[in-house]
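Engineer: Quick one, structure for this:
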Amino acid sequence: MEPKAVVIAGLLQLLGVCFFFSPPKDHCSPAPTLASLMFLLAILCFLWDTCIFPIRYMHMHGYWQLPIETVMAIFLAELGSIIIWCPVERVLYGFTEALLNMVGIDGCEHSRLQYWLLGLISTAVSGALLWFILTATDSMYYLERFTRRFRRNVRQGWLMMSCYLRMSKSARCRALKVCQLATRNRSSRQSRCPATEEENDNDCYEDDE
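Structural biologist: Alright, predicted model coming up:
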């Protein structure tokens, strides 16, 4: 699915805008919103890895694919958040309430334990589902590749910074001048490339004549 369609569906869910299903008047449960956000992230990862636009219509212009996939992404995001996750949260809330009543905890301690226990259980369920979606799709591969590149860039930047800090003042000035000269040469080369390409094209036209 187009990344723009997935981003639009996610932003509408975060803003609480619904088009296909009416959201519940009250909260699904008194659990923290972290579990709902993790479930929404799992839905978006699934949509990003899913191709909804029919293959037989791929020859059509891309302007048709984006609105169709955007509408489908909004519909599926609302279906997952309102129709699927909200009843799951209510079931977990009932299970937590029954567990605390079985133990015999009531009063203010009951409300505090209910909040944290319900948050722990719902976050564990949504986290397990998110991990399953990341493992089943290509998202885990891209996440691992991003983390490897990030660690490599941080390591290289730290080595360069530590080497720069160990230099003397004169050596720092020389290093900065070399860096500025290299940047200037790179920009001048990039500006010359279009000119050389035009000259080569003109030579080709002259040869044809």
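
Engineer: any idea how the protein splits into domains?
Structural biologist: Using automatic domain parsing, the domain parsing of the chain gives 3-139, 179-208.

Engineer: Turn the ones you listed into CSV, columns for distance to Asn153.
Structural biologist: Using the backbone N, CA and C atoms, a C-beta is placed for each residue, glycine as well. Below are those laid out as CSV (distance: least, CB to CB, whole Å):
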stretch, distance to Asn153
domain 3-139, 21
domain 179-208, 17
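
Engineer: Could you look over those and pick the most buried one?
Structural biologist: Mean neighbour count (mean count of other CB atoms under 10 Å) peaks for domain 3-139 among the domains of the chain, with a mean of 15.

Engineer: Where does Glu69 fall, secondary structure wise?
Structural biologist: helix 62-78 (DSSP states H and E).

Engineer: Remind me what that helix packs against, helices and strands.
Structural biologist: Using 3 or more CB pairs under 8 Å, 6 or more residues apart in numbering; DSSP states H and E as the contact test, the elements touching helix 62-78 are helix 3-15, helix 34-48.

Engineer: Can you report the mean pLDDT over the residues of the helix or strand just after it?
Structural biologist: Counting by DSSP H and E, the element after helix 62-78 in chain order, helix or strand, is helix 86-103. The pLDDT scores in helix 86-103 average 83.

Engineer: hang on, the earlier thing: which of the helices and strands packed on helix 62-78 sits closest to Thr183?
Structural biologist: Taking CB to CB, helix 3-15 is the member of those nearest to Thr183, at 32.1 Å.

Engineer: Please tabulate the helices and strands packed on helix 62-78 in CSV, including the columns mean pLDDT.
Structural biologist: Putting these into CSV (pLDDT from 0 to 100) gives the following:
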stretch, mean pLDDT
helix 3-15, 88
helix 34-48, 89
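
Engineer: now these as JSON lines including distance to Gly157?
Structural biologist: Output for the helices and strands packed on helix 62-78, formatted as JSON lines (distance: least, CB to CB, whole Å):
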{"stretch": "helix 3-15", "distance to Gly157": "28"}
{"stretch": "helix 34-48", "distance to Gly157": "29"}
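
Engineer: for these, which one sits closest to Gln65?
Structural biologist: Of all these, helix 3-15 comes closest under CB to CB, at 8.7 Å.

Engineer: how about low-confidence regions in this protein?
Structural biologist: Per-residue confidence for the chain (pLDDT under 70) gives these ranges: 61-62, 105-111, 164, 172, 185-209.

Engineer: can you do 80?
Structural biologist: For the chain, applying pLDDT under 80 flags the ranges 1-2, 24-32, 51-64, 100-115, 137-143, 160-209.

Engineer: quick one: Leu12 from Leu40, how far?
Structural biologist: Here the distance between Leu12 and Leu40 works out to 11 Å (CB to CB, to the nearest Å).

Engineer: And for Arg90?
Structural biologist: According to CB to CB, Arg90 stands 17 Å off from Leu40.

Engineer: Ok, Thr123 next?
Structural biologist: In terms of CB to CB, Thr123 sits 13 Å off from Leu40.
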